[in-house]
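Trainee: Based on what follows, work out the 3D shape:
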Amino acid sequence: MSRSLESKIALREDLEQELSQAQMVMVVDFTGLTVAEITSLRRKLRPIGTSARVTKNTIMKKAIGEQAKWKPIESYLKGPTVCLFVRKDIGETLKVYQAFAKEVKKTELRGGVFDGRAFAPDQIKAVADLPPKEVLLAQILGLLNNVPSRLAGTVKEVPASVARSINEVPASLARAIKAMQEKQSAGQPG
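Mentor: So this is what the prediction gives:
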């Protein structure tokens, strides 16, 4: 095997590893970026659990292989490409990238793939604006815990309401009888 082929196989295996650990992949056009600028982006992303890899599109397509979850990335693999492999916080990754893009003014987010679906840049922003997974789970659990309390209150109210209605019947009946008696004693036919 030639050295070039060995390096391509190693690169493909590295990309497969990155894909296996990522929850989202953002694809960035890096036309015009210098090596120093790409290195700067990598350094900014590393602490938040995201890696930036300059990829050859054909090798990335081979790394994706038959993984349906990552197939939509292929539509973004045109021209010079940097893939951002997001392992943790999508929102934080997007903020860091946007600050970098604003600073260098030479890069553009093409799109990304999350949960087997392709996302345009504006859709990635919407996903990034969602609260973290832990917060969403806590909110859902809070709602679920609230349902039994409300249900218990409603169930408890039914017998109380029936009891009030039953207690009201004799009183209503007594008022009706009294009203009829008053009419009769006043000499009015009932």
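Trainee: Chain neighbours aside, what residue packs nearest to residue 54?
Mentor: The shortest distance from residue 54 to any non-neighbouring residue, by C-beta to C-beta, 6 or more residues apart in numbering, is to residue 82 (5.4 Å). Backbone N, C-alpha and C define where each C-beta goes, glycine included.
Trainee: what does the particular helix or strand that has the one you found in it rub up against?
Mentor: According to DSSP states H and E, residue 82 maps onto strand 81-86. With C-beta atoms under 8 Å, 6 or more residues apart in numbering as the test, strand 81-86 has contacts from 15, 18-19, 21-30, 33, 38, 41, 45, 49-55, 57, 60, 73, 93, 97, 107, 112.
Trainee: Break this structure into its domains for me.
Mentor: 3-130, 131-190 (automatic domain parsing).
Trainee: re the thing from before, which members of the contacts of strand 81-86 are classed as buried?
Mentor: Among the contacts of strand 81-86, those scoring as buried are 15, 18-19, 22, 24-30, 33, 38, 41, 45, 49-53, 55, 57, 60, 73, 93, 97, 107, 112 (criterion: 16 or more other C-beta atoms under 10 Å).
Trainee: Keep only those of these that are in strands.
Mentor: Assigned to strands by DSSP state E, the following of the buried ones among the contacts of strand 81-86 qualify: 24, 25, 26, 27, 28, 29, 50, 51, 52, 53, 55, 112.
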